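Engineer: fold the following for me, if possible:
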Amino acid sequence: MKRALFFILLSVLSVTQLIPAQEAISAADPNKQVSAVTPRAEEMGRVFDQMMASGMLTDPNLCAVVVVPGPATSFNIRFGVFNVIDDRLDVLMIDSFRALGGQSLLHSSVFATVAPASGTLTVDYPPDEAGNGPVVLSFTHFNQFASAAFNTDPDTYDNPSFGATVLDMDQTSIELVYSRDQPGSRRCQGTLTFDPNLNVSVANIVQVFPTTGQSLIVNGDFELGNTGFSTGYTFSPGNLFPEGAYDVATNPQADNSLFSPCGDHTTGTGNMMIVNGAVQPNVIVWSETVTVLPNRTYDFSGWATSVFPTSPAHLQFLVNNAPIGELQLSSNTCQWQPFTTSWFSGASTTATLSIIDLNTDSFGNDFALDDLSFVVQ
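Structural biologist: From the prediction side, this is the model:
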């Protein structure tokens, strides 16, 4: 990945220097007096090494990187955008309301555009030289490791020929929309900041929706009680007999005097799902259907423990009826064991998550579940 990012950054810093020959240059507005200065390979390598060393390119939520080459006093406001993630970048928005030390800049035009190698770049706003607001661009085929570039002419409210510098663009907000034809698709955001060590303004564009680390399971810790999931077992609070019964409670021993008095995994005093394993095969212990994004990897995880030492449960985890992992519980009671496995959504837009118990013994086979989670990577 590091090698790939180097060549991407190399290409985007190069593409920022590509100025179409037919573009008219204005003598009145210094932001339109652009020139092509080809950067040296060793200079771009130095920029890349410093960005890597600073951790700029290692954020797991990184979607894209936007650069505006320096120096800080340059009037050449040329954006280079490269897409880091395996997703299609469809829309880019630039808002300089907080730029110029909070005095705001408005973009009157976009020019000298370079589209992604296999796609197109369309200027949705501003439509002409009379623009007065943000920049909105749309793309086609702006896929992973592709890059694009363009110039803008930032002006103030009262001066349409204002000469904004690269440093003036600090605090410009950049927002990206990915795969906009898909419901709940990725949104990413970042802010331009000039780095004097790199002599470049950089915005690391990171994912802000859907929130990574937030579980799609609505009641994975069972603190809401017996709700938010489906099951093939019988809800039997206070009496887990016969087999195939469950409760949502704080102490397994309150459901069966032979069970160990375990605390839950979350706090030690909260709820868990307490289960007396069924004797019939393939009975669903727990299940929930969630909405997912296509072509994304999700982590399905949780915790389980035996509450009676004999014949521990053997749990299996499924997504859309396909097994994706198993967990053999220990005979040690109240010892919470983690399970985690990954699932790639492909073309799916929903995922039915399920847990079954492969053990069908009638004596023993008693366990608890807690802190179930399903998180997009």
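Engineer: could you look up the SS state of the closest residue to residue 261 other than its chain neighbours?
Structural biologist: Excluding its sequence neighbours, the residue lying closest to residue 261 (Cβ to Cβ, 6 or more residues apart in numbering) is residue 253, at 4.2 Å. Just so you know, the C-beta spots here come from the backbone N, C-alpha and C atoms, and that holds for glycine as well. Of the three states, residue 253 takes helix under DSSP: H, G, I helix; E, B strand; the rest coil.
Engineer: what pLDDT does the residue located most distally from the centre of the chain get?
Structural biologist: What lies farthest from the middle of the chain is residue 257; by Cα atoms, centre = their mean that is 45.6 Å. On pLDDT, residue 257 comes in at 95.
Engineer: quick one: contacts for residue 170?
Structural biologist: By Cβ atoms under 8 Å, 6 or more residues apart in numbering, the contact set of residue 170 is 99, 192-194, 201.
Engineer: quick one: pLDDT of it?
Structural biologist: pLDDT, residue 170: 97.
Engineer: what's the distance between it and residue 271?
Structural biologist: 49 Å (Cβ to Cβ, to the nearest Å).
Engineer: again with residue 362
Structural biologist: Distance, residue 362 to residue 271, by Cβ to Cβ: 26 Å.
Engineer: leaving out chain neighbours, which residue sits closest to residue 164?
Structural biologist: Leaving aside its sequence neighbours, residue 164 sits nearest to residue 154 (Cβ to Cβ, 6+ apart; 4.0 Å).
Engineer: check which helices and strands the host helix or strand of that neighbour sits against.
Structural biologist: Element membership for residue 154, per DSSP states H and E: strand 147-155. In this structure, strand 147-155 makes packing contacts with helix 2-15, strand 78-83, strand 106-114, strand 120-125, strand 135-140, judged by 3 or more Cβ pairs under 8 Å, 6 or more residues apart in numbering; DSSP states H and E.
Engineer: thinking again about what came up before, closest one of the contacts of residue 170 to residue 344?
Structural biologist: When the contacts of residue 170 are compared for distance to residue 344 (Cβ to Cβ), residue 192 wins out at 33.9 Å.
Engineer: how about that closest one, phi and psi?
Structural biologist: Backbone geometry at residue 192, expressed as degrees, to the nearest 10, gives phi -70, psi 130.
Engineer: what's near enough to touch it?
Structural biologist: Residue 192 touches 66, 68, 99, 169-172, 174, 201-203, counting by Cβ under 8 Å, 6+ apart.
Engineer: how near is it to residue 294?
Structural biologist: 31 Å.
Engineer: could you do residue 233 as well?
Structural biologist: The spacing between residue 233 and residue 294, counted by Cβ to Cβ, is 32 Å.
Engineer: pick out whichever of the two has more residues nearby.
Structural biologist: residue 233 (22 against 15; other Cβ atoms under 10 Å).
Engineer: ok, for that one, nearest residue in space, not its chain neighbours?
Structural biologist: Per Cβ to Cβ, 6+ apart, closest to residue 233 is residue 246, 4.5 Å.
Engineer: which strand or helix spans the one you found?
Structural biologist: Using DSSP H and E, residue 246 falls in strand 245-249.
Engineer: now do that strand, average pLDDT.
Structural biologist: Average pLDDT, strand 245-249: 98.
Engineer: now do stretch 324-338
Structural biologist: Averaged over stretch 324-338, pLDDT sits at 97.
Engineer: flag every buried residue along that stretch.
Structural biologist: The neighbour-count check on stretch 324-338 (16 or more other Cβ atoms under 10 Å) flags 325, 327, 329, 333, 336-337 as buried.
Engineer: before we move on, what about stretch 363-377?
Structural biologist: So for stretch 363-377, counting by 16+ other Cβ under 10 Å, buried means 364-376.
Engineer: the residues you listed in strands, which ones?
Structural biologist: Filtering the buried residues of stretch 363-377 for membership in strands, criterion DSSP state E, returns 366-376.
Engineer: what's the burial count for residue 339?
Structural biologist: For residue 339, using other Cβ under 10 Å, the count is 18.
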